[in-house]
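Enquirer: requesting a structural model of the entry that follows:
(one chain, ligands or ions: 3)
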Amino acid sequence: MSSKSGQWCRAADMSKCRSCRAPAVIDLPRHNAHFCAEHLEQLCRRQFRRAVDDFAMFSHDDTILVAVSGGKDSLALWDMLATEGYSTVGLYIGLGIGRYSDESHDVVAAFAADRGLELRTVDLRTEHGFDVPTAARVTARVPCSSCGLSKRHIFDEVARDGGFDVVVTGHNLDDEAAVLFGNALRWDVEYLRRQAPVLPARGRFPRKAKPLVRLTEREMAAWCVIRGIDYVVEECPMAIGNRHHTYKEALAVVEATSPGTTAAFYLGFLDRMAPLLATTADEEPVELCRSCGAPSGSSDGVCAFCRLAERASTATPVPVEMVLSRGARRRYIEQWGDAPATEGDTDGRP
Ligand code: Q46
Ligand code: ZN
Ligand code: ZN
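Expert: Ligands and ions are numbered 1, 2, ... in the order given. Next comes the predicted model:
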């Protein structure tokens, strides 16, 4: 199911690279230019370095934990970091999202083995007794809610236990612009305030950084093709129909008629709005979880992840097909093959 996509290459046949006049492989309307493979790679590296430097994300002395999902962004990020000489270890979290998760793990493991990179894997079901579909059913909330909570908890825990200086994720410009759009639509000031490309370490929470914030989804897909990176093209089946998706699509409509709007929206926010929202550093919750030792911030002394694990690990495992809406399940079966017998159509998100 994984493959290198050719869809990124929509350069006009006779177009020339802006830098060297060789035949172009990609057009980038936001730069009003075409690029050959070599100069696209240079552009991506420049944007990556600029983000790392501008936001003081990390240095070559730091040990970096790279959250890898098997998608193009996180693998491109790991490739960039490794080829720029940073000290990295990959972290893959097995979320238990059916064949999508199985395939993602295989792709990440092959990427690491081919390049001699160290990969750590944490499997939710094996190590914490539950998976994302089961958590979604038990909590009766959208799957991304317990998934996000679990991923954040495990990133923090592995970084803390392993003595890593920073956790990096592959969020790109389109992702961050879509999140910003959603936060602005709700005027969620607290989320807006924390929407920074780097969050400093706070007590037992490690530093977090997003080095791809100046690069788009399409640029990252092109990077993977140029660099020979095999990645999982299919999206997480549980992403279908979520709000993040809708915001991305809305921005894509604007971007199509007015190239560069997405970058101006997000980078302008960082430049002009974020400084106005900045306040003093967040206080770390004083209470530590009595189950896992992580900062809990809750009065009963148990963190949200441990509360979730306690509930979900005693429930009967639920296969992913049973928590997808009818449309998402149809797509899942088209992409990943027929589903086992299910208990009926949930026809809607849990
Ligand atoms: S993996 Fe998890 Fe994403 Fe799938 S369930 Fe939602 S949050 S969409 S990045
Ligand atoms: Zn060129
Ligand atoms: Zn805990």
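Enquirer: can you pull the pLDDT of the closest residue to ligand 2 within the stretch 151-300 of the chain?
Expert: With CB to the ion, the shortest gap between the stretch 151-300 of the chain and ligand 2 falls at Ile226, namely 11.8 Å. In short, each C-beta sits where N, CA and C put it, glycine included. In the prediction, the pLDDT value recorded for Ile226 is 96.
Enquirer: quick check, it in contact with Leu43.
Expert: No. With contact defined as CB atoms under 8 Å, Ile226 does not reach Leu43; the gap is 11.2 Å.
Enquirer: the residue lying closest to Glu255 once chain neighbours are set aside is in what secondary structure piece?
Expert: Spatially, and ignoring its direct neighbours in sequence, Glu255 is nearest to Thr262 (5.0 Å; CB to CB, 6 or more residues apart in numbering). Secondary structure from DSSP states H and E places Thr262 in helix 261-268.
Enquirer: next secondary structure after that helix?
Expert: helix 274-277.
Enquirer: quick one: contacts of stretch 135-148?
Expert: Contacting residues not belonging to stretch 135-148 are listed as 95, 130, 132-133, 150, 238-239, 242, 244, 308, 311-312, 315, 318, 322-323, 349-350 [CB atoms under 8 Å, 6 or more residues apart in numbering].
Enquirer: can I have the buried ones of those residues as a ChimeraX selection?
Expert: ChimeraX command restricting the contacts of stretch 135-148 to the buried ones, with burial defined by 16 or more other CB atoms under 10 Å:
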select :95,130,132,133,150,238,239,242,308,312,318,322,323,349,350
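Enquirer: skipping adjacent residues, who's closest to Ser19 in space?
Expert: In space, Ser19 is closest to His39, 4.2 Å off (CB to CB, 6+ apart).
Enquirer: element containing Arg46, please.
Expert: Using DSSP H and E, Arg46 falls in helix 37-54.
Enquirer: the strand or helix carrying Thr88 and ligand 1 in contact?
Expert: Secondary structure from DSSP H and E places Thr88 in strand 87-94. No. Applying CB under 6 Å from any ligand atom, one finds strand 87-94 separated from ligand 1 by no less than 9.0 Å.
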